[in-house]
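Undergrad: below are the sequence and a predicted model for it; my questions follow.
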Number of protein chains: 4
Amino acid sequence: MIGGGRGAFIGAVHRIAAAMDGEIDLVCGAFSSDSERSRLSGQDLYLPPERVYGSFEEMILQEKALPEDTRMDFVAIVTPNHVHFPPAKLALENGFHVVCDKPLAFNLEEAKALAKLVEETGLLFALTHNYTGYPMVKEAREMVRNGAIGKIRKVVVEYPQGWLSTLLEASGQKQAAWRTDPKRSGAAGAMGDIGTHAENLAEYITGLKITELCADLSAMVEGRLLDDDGNILLRFDNGAKGILFASQIANGEENDLNIRIYGETGGLQWHQMEPNTLVHKTNEGTRLLRTGVGEQSEAAKAHIRIPAGHPEGYLEAFANIYRNFARAVRARLEGKEPGPFDMDFPTVHDGVRGMAFIDAVVASSKSDQKWWPVD
Amino acid sequence: MIGGGRGAFIGAVHRIAAAMDGEIDLVCGAFSSDSERSRLSGQDLYLPPERVYGSFEEMILQEKALPEDTRMDFVAIVTPNHVHFPPAKLALENGFHVVCDKPLAFNLEEAKALAKLVEETGLLFALTHNYTGYPMVKEAREMVRNGAIGKIRKVVVEYPQGWLSTLLEASGQKQAAWRTDPKRSGAAGAMGDIGTHAENLAEYITGLKITELCADLSAMVEGRLLDDDGNILLRFDNGAKGILFASQIANGEENDLNIRIYGETGGLQWHQMEPNTLVHKTNEGTRLLRTGVGEQSEAAKAHIRIPAGHPEGYLEAFANIYRNFARAVRARLEGKEPGPFDMDFPTVHDGVRGMAFIDAVVASSKSDQKWWPVD
Amino acid sequence: MIGGGRGAFIGAVHRIAAAMDGEIDLVCGAFSSDSERSRLSGQDLYLPPERVYGSFEEMILQEKALPEDTRMDFVAIVTPNHVHFPPAKLALENGFHVVCDKPLAFNLEEAKALAKLVEETGLLFALTHNYTGYPMVKEAREMVRNGAIGKIRKVVVEYPQGWLSTLLEASGQKQAAWRTDPKRSGAAGAMGDIGTHAENLAEYITGLKITELCADLSAMVEGRLLDDDGNILLRFDNGAKGILFASQIANGEENDLNIRIYGETGGLQWHQMEPNTLVHKTNEGTRLLRTGVGEQSEAAKAHIRIPAGHPEGYLEAFANIYRNFARAVRARLEGKEPGPFDMDFPTVHDGVRGMAFIDAVVASSKSDQKWWPVD
Amino acid sequence: MIGGGRGAFIGAVHRIAAAMDGEIDLVCGAFSSDSERSRLSGQDLYLPPERVYGSFEEMILQEKALPEDTRMDFVAIVTPNHVHFPPAKLALENGFHVVCDKPLAFNLEEAKALAKLVEETGLLFALTHNYTGYPMVKEAREMVRNGAIGKIRKVVVEYPQGWLSTLLEASGQKQAAWRTDPKRSGAAGAMGDIGTHAENLAEYITGLKITELCADLSAMVEGRLLDDDGNILLRFDNGAKGILFASQIANGEENDLNIRIYGETGGLQWHQMEPNTLVHKTNEGTRLLRTGVGEQSEAAKAHIRIPAGHPEGYLEAFANIYRNFARAVRARLEGKEPGPFDMDFPTVHDGVRGMAFIDAVVASSKSDQKWWPVD
């Protein structure tokens, strides 16, 4: 693991997600660019001191030198955005598969370079757009594919949070500080952090691509350097229209990722904060599809751990990304074909798409031109 | 009553709303442009035959000729949009107060002419943007006024319906037929029918004005002549941003008017389909404000009929518009000052505002210019 | 109308419910046993002074003396429980149909006497167990009848309120005072006031009869003279088991009447505070049946006024009882057969059943015997 | 681990719960009484063959013989009820701490014997009443302790499931088979399996004890040997009254554990299927307390892993039991004091209490005596 030392948030999430199914062991780490902090973090995690490194370069090179049955099987990168590209590149160049937090990189150029490298090396690369790991998101995608709601006409996807309603970064809060800093976060704030999740979710479920958009970004909190709110009109490649909004100044909202999709014959709604329910509406009535209840797609069933009514949450969805990836890596190591859902995780290509989305949003927001292409 | 004969929808709603509080009696009507149909409708309603008229002209003129204590006190216009202006104008010119269904008129020009006439005559004019009659909408407005959520930053208002997901007008269904016909509905379809409710609700609660917008209207159903779906970016006069969407092809949605308002210190959410709950969120927690529970504004309490937990619905909200208007008319007749909430009903000016909104939306949607003014 | 003067609650509800559909006009009243209060109440309601009476005896006898086309068509009794029997008896004896608030009478003996009188006179008698007027309650009953959930095994019905969590009656609050007074309310407090609604709803929807029960009543608030809380085990005539509880000390609850019914092949849930949704669950999935959406029974459709998504509430349900009764009375007056749903209102027999339930509950609660018959 | 081989349900839950926080490693197992099945299960879990045993006796004795730094630190027992006592006893006698699934034993006698042994040996013993691991359950308990709702008057706790609506055991389904078999499950079916969870949750949050009860158990499905449904009246040691029901024939219900607690000044509601919300109601209004939002007790915060709005579910709650237990074991091993919440897990005494509850329920249900003591 690279990053995720003491005080970090997403590193712990990755560790729990990786540990949950007993298929992945944390064997080494470069948890901080501060080597003492890295060492202490490794100790917290019961790692042998010799596998705790002071930098990602050190880790990648020294692990590579270890015997095959000892060294790490893949790298997980959980650093801020500006430190995604360098370790990912180095890991790929040294033959390691990679799991990387989103967004993929600091800018589109880096993203495309990584995609190229992944293709050249043939290595596996997972991007943790974790919301696609929920069983009911899988079910929604299968339903769309099977025509359950007909041709899609409208998509409304939103991701409101309220935690940046004040200038929290001024207090030195670590999560706020890097996310609102253009040098570490990139060209976008909320749109990069959570807008890309919304974009990814919409494209994952619908199978459509956003072709054009019209964005209005704001930094609502005085003194903030990046957008903390954005409203976007969308147009999709099949003629569907839509709305995407992301906000970190939606006071009182927690993590309210929500998607509604309307087709010619029905609609679907999924809400991350009640993730075990998928609402299927038609003009004839409403059905609540619940994780594990009744007939469900193989894709959904493969991502459920416990019987219906025992709520599975964010960590289980995240763990589904890791578990699939781990099985794909294992299949690769054992020279076998991966199982039917082992390759169902977001890839470097989703990452490139996300960076293109950020680019288009930022450009559109600055422009008087109504529609801006995404590509 | 003008319009609202057999087969109509909104006429019956107006009658129930007017009857509910025992303050208004239906005394006469011109229920249809077909005089036989008008006669039969009057019979259904137990009206004396001599007060059932074959046309609105006949009604207004003959009622005017009746003794003051016999003739109607005001006119209610419940016809399709293109028949709002002529009877409203005639009624005002003959000294009758008016209740008119929304949108106010067929176009902005008519709307402005009516507003001028109302000012000149000094008569009372209510427009039935009925959703503002809900107690929890009143409460929301009072909370905003009292600073409960601080300066407003973001407004998301939406009104999805699904009933026009197919070319229903081709079947001759009466409600669909006139609403999708530019000759009877005006320049907009869904935006005129329900988008104006969303616009009115947002401005009513926030006290803000939409200054600019960027719209993308669609006729998603092949063969439809007016928009059945629209997505709009909003900018308000205090710097707040927002989203408004209205749809009649949101398959499976009933009448899902919903508004979220985020300010510097909190957020509010109100949902028409569960109208007795107002959600007040801050980063410290969520409160559910319920009709009639705990301390509430005088404005809310004045519009509640029964104790908490007995759900009050659409008809009661509609009746609140009528009751306030009736009391204002009665005060006028008795030469008294109206009570503190008697003038709390939407007016001709809200109607002008709605027509200006429709004009801007339609123009914006056809334009490549990103922002379009509303005025 | 008898009772329902200034300061009363349920009288106003009856008036709104009766007025809503334009089929009933309030023509006279004895609104209070205090004749001055009665007079003032009549004035509030725009009644001619000569039709406002100082006592129910006066009203019934004088109205009877009026010409047939002038005098009232039926009597509505909205007094506290101990003043149900005398006016109901007198009205029936003088040939008037009756609407009476619940519970039917002060005790079972009175109830049976009224039932006998109704049978002897052949007059119409409605008891306002208003919750059975909701469209989704009708739908639930039809579904049970049609076998949608199979043979019923379990019923859980509950009616929690919180408004009597303190000794409110000591403050002189009028509603609390008579409801907690054995001289005016009868043998039971909460069980008579709201427990009977729960009992009636359960038997109405299921078509089953409670045969035995085991009750534990409490007066949780010190100094209270009647039960404010009760928990009851139920057994039904088809072998089903159940639970009924009613409480007026469930702090924070409004009017939370809720019923769940489980059969061999499915379950139903209906909740008064969101009355337009009926939940139909099976082990294969959950459907939300919504007022006016999709295919529905004729019984439900006959009790809906407005299109789906415009919430209909308590007053509309109450008005359904009145409207059916009014149509039944009109049919009788016109010598016609009543329409298919005109006789769908609770009768004097439901009232007798409710009083038998109260008797059994009170007896059971005092007894060490586990099961107590209801009959 | 003892039990939990291929085809088992709860074993996998225990393994995930134990693995999640990286504090526990699975080192050995006797996964089945069938030694081949045990061996294959161990292989699935990547265990070294020599640590996979053919019986629990073998495992306990051979592990004991291993060096202290190699052998297991505690035993987890995840077998059907009739195989709780023998391995628990043997483990305790051989100096191992124990985690045991609920109910504690086959009968009260066994339960008391285990409690005695725990006291004599001073070893740690956790019973996986996992629902008490949810953060909002901790918060509810703290609120009750702090007087947030005043003296408790009423408790309604329920646990409906629908999965045994048919004679599933006849199909050989493994989970159904042992749970409905008196030889493996004990004197109670649904009441032992899930009724004890409800009982435990009610006593855990309220801090009260059930002193008397009145039960009505049924085997609603023809041919079933144990109760699949039960309704119970409760009386508590502070004078509060209550209701408990558990059902496995509540068709369409998943795992709907729900508790409502009403005190003199407020009420609390918690629902397992939406476990991150705790509803706090008073007659002044309703607050939704959400995992991780706003000020919360230390007890709640200590059991949260991720920021608000990322739903934590059943596995995280289960893992909280394991994590606390693991920390308590570690403190013991290291000779330190356990941390402030390390001892917050259900113990053998909760288990004895559960068995006493089962005994009283079964006896009450067979009796004509109204009230039956629990002790």
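TA: Arrived safely, thanks for sending.
Undergrad: stretch A:273-282 vs chain B: in contact?
TA: Yes - against chain B, stretch A:273-282 shows contacts by Cβ under 8 Å from any Cβ of the partner chain at A:His280, A:Lys281, A:Thr282. C-beta: built from backbone N, CA, C; applies to glycine.
Undergrad: ok, residues contacting that stretch?
TA: With Cβ atoms under 8 Å, 6 or more residues apart in numbering or on different chains as the test, stretch A:273-282 has contacts from A:134-137, A:139-140, A:143, A:148-149, A:254-257, A:265-271, A:286-291, A:311-314, A:317, B:162, B:251-253, D:273-274, D:276, D:309, D:311.
Undergrad: tell me the gap between stretch A:122-132 and the middle of its chain.
TA: 8 Å (Cα atoms, centre = their mean, to the nearest Å).
Undergrad: is chain D contacted by that stretch?
TA: No - shown here: stretch A:122-132 not in contact with chain D (Cβ under 8 Å from any Cβ), separated by at least 9.3 Å.
Undergrad: any idea how far apart the tips of that stretch sit?
TA: 23 Å (Cα to Cα, to the nearest Å).
Undergrad: rounded mean pLDDT for it, please.
TA: What stretch A:122-132 shows for mean pLDDT is 97.
Undergrad: what does the stretch 151-300 of chain A have sitting close to chain B?
TA: Checking the stretch 151-300 of chain A against chain B by Cβ under 8 Å from any Cβ, the hits are A:153-154, A:156, A:158, A:160, A:162-163, A:165, A:214, A:216, A:218, A:220, A:229, A:231, A:233-235, A:241-243, A:245, A:247, A:249-253, A:260, A:262-267, A:280-283, A:286.
Undergrad: what subset of the residues you listed is buried?
TA: Buried residues within those, counting neighbours by 16 or more other Cβ atoms under 10 Å in any protein chain shown: A:153-154, A:156, A:158, A:160, A:162-163, A:165, A:214, A:216, A:218, A:220, A:229, A:231, A:233-235, A:241-243, A:245, A:247, A:249-253, A:260, A:262-267, A:280-283, A:286.
Undergrad: what helix or strand does A:Asp21 sit in?
TA: Per DSSP states H and E, A:Asp21 falls between elements, in no helix or strand.
Undergrad: tell me how many other residues crowd it.
TA: 20 (other Cβ atoms under 10 Å in any protein chain shown).
Undergrad: list the contacts of A:Ala240.
TA: A:Ile152, A:Arg153, A:Lys154, A:Val155, A:Thr206, A:Leu208.
Undergrad: do A:Phe85 as well
TA: A:Ala105, A:Phe106, A:Glu110, A:Ala113, A:Leu114.
Undergrad: can you report phi and psi for the closest residue in space to the third one that isn't next to it in sequence?
TA: Beyond its immediate neighbours in the sequence, the residue positioned closest to A:Glu110 (Cβ to Cβ, 6 or more residues apart in numbering or on different chains) is A:Phe85, lying 4.2 Å away. A:Phe85 adopts backbone torsions of phi -60, psi -50, taken as degrees, to the nearest 10.
Undergrad: over to the one 5 residues further on?
TA: Main-chain torsions, A:Leu90, degrees, to the nearest 10: phi -60, psi -40.
Undergrad: might one say that it is in contact with A:Ile60?
TA: Yes - between A:Leu90 and A:Ile60 there is a contact under Cβ atoms under 8 Å: 5.2 Å.
Undergrad: more neighbours, those two?
TA: Neighbour count, other Cβ under 10 Å: between A:Leu90 and A:Ile60, A:Ile60 has more, with 24 against 18.
Undergrad: and that one, what is it in contact with?
TA: A:Val75, A:Pro87, A:Leu90, A:Ala91, A:Asn94, A:Phe96.
Undergrad: mind giving me the ChimeraX select for these, buried ones only?
TA: Burial among the contacts of A:Ile60 is assessed by 16+ other Cβ under 10 Å; the matching ChimeraX selection reads:
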select /A:75,87,90,91,96
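Undergrad: kindly indicate which of the contacts of A:Ile60 lies nearest chain D.
TA: Among the contacts of A:Ile60, A:Val75 lies closest to chain D (Cβ to the nearest Cβ), at 18.2 Å.
Undergrad: can you give me the helices for chain A?
TA: Taking DSSP state H to define them, one finds helices in chain A at A:10-19, A:35-44, A:56-65, A:85-93, A:108-121, A:135-145, A:174-179, A:182-185, A:190, A:196-206, A:298-301, A:314-334, A:348-366.
Undergrad: any chance of those helices in JSON lines, plus distance to B:Val118?
TA: Shown next, in JSON lines, are those (distance: least, Cβ to Cβ, whole Å):
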{"stretch": "helix A:10-19", "distance to B:Val118": "60"}
{"stretch": "helix A:35-44", "distance to B:Val118": "71"}
{"stretch": "helix A:56-65", "distance to B:Val118": "72"}
{"stretch": "helix A:85-93", "distance to B:Val118": "65"}
{"stretch": "helix A:108-121", "distance to B:Val118": "57"}
{"stretch": "helix A:135-145", "distance to B:Val118": "51"}
{"stretch": "helix A:174-179", "distance to B:Val118": "52"}
{"stretch": "helix A:182-185", "distance to B:Val118": "53"}
{"stretch": "helix A:190", "distance to B:Val118": "45"}
{"stretch": "helix A:196-206", "distance to B:Val118": "45"}
{"stretch": "helix A:298-301", "distance to B:Val118": "59"}
{"stretch": "helix A:314-334", "distance to B:Val118": "56"}
{"stretch": "helix A:348-366", "distance to B:Val118": "42"}
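Undergrad: single out the most deeply packed of those.
TA: Stretch with highest mean neighbour count among the helices of chain A: helix A:190 (a mean of 31; mean count of other Cβ atoms under 10 Å in any protein chain shown).
Undergrad: starting at the chain centroid, how far to that helix?
TA: 14 Å.
Undergrad: that one vs chain D: in contact?
TA: No - against chain D, helix A:190 shows no contacts by Cβ under 8 Å from any Cβ, the least distance being 14.6 Å.
Undergrad: quick one: contacts of that helix?
TA: Under Cβ under 8 Å, 6+ apart, the answer for helix A:190 is A:Gln161, A:Leu164, A:Leu226, A:Asp227, A:Asp228, A:Asp229, A:Gly230, A:Ala246, A:Ser247, A:Gln248.
Undergrad: check contacts around the fifth one.
TA: The contact partners of A:Asp228, taken as Cβ under 8 Å, 6+ apart, are A:Leu164, A:Thr180, A:Gly189, A:Ala190, A:Ser218, A:Ala219, A:Met220, A:Val221, A:Ser247, A:Gln248, A:Ile249.
Undergrad: you'd agree A:Arg330 is up against A:Asp21?
TA: No - contact criterion Cβ under 8 Å: A:Arg330 and A:Asp21 do not qualify, at 11.8 Å.
Undergrad: need the contacts of A:Phe85 in TSV (columns: pLDDT).
TA: Formatted as TSV, the contacts of A:Phe85 follow (pLDDT from 0 to 100):
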residue	pLDDT
A:Ala105	95
A:Phe106	95
A:Glu110	97
A:Ala113	98
A:Leu114	98
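Undergrad: for chain A, which residues are neighbours of chain D?
TA: Residues of chain A lying near chain D (Cβ under 8 Å from any Cβ): A:9, A:12-13, A:15-16, A:19-22, A:26, A:45-46, A:161, A:163, A:253-256, A:272-276, A:290, A:292-293, A:305-316.
Undergrad: can you flag which of those residues belong to strands?
TA: A:Arg290 (DSSP state E).
Undergrad: quick one, which of the residues of chain A next to chain D are buried?
TA: So, of the residues of chain A next to chain D, A:12-13, A:15-16, A:19-22, A:26, A:45, A:161, A:163, A:253-256, A:272-276, A:290, A:292-293, A:305-316 end up buried under the neighbour-count rule (16+ other Cβ under 10 Å).
Undergrad: alongside chain C, which residues does chain A contribute?
TA: Counting by Cβ under 8 Å from any Cβ, chain A sits next to chain C at A:Asn283, A:Glu284, A:Gly285, A:Thr286, A:Arg287, A:Leu288, A:Leu289, A:Arg290, A:Val293, A:Gly294, A:Glu295.
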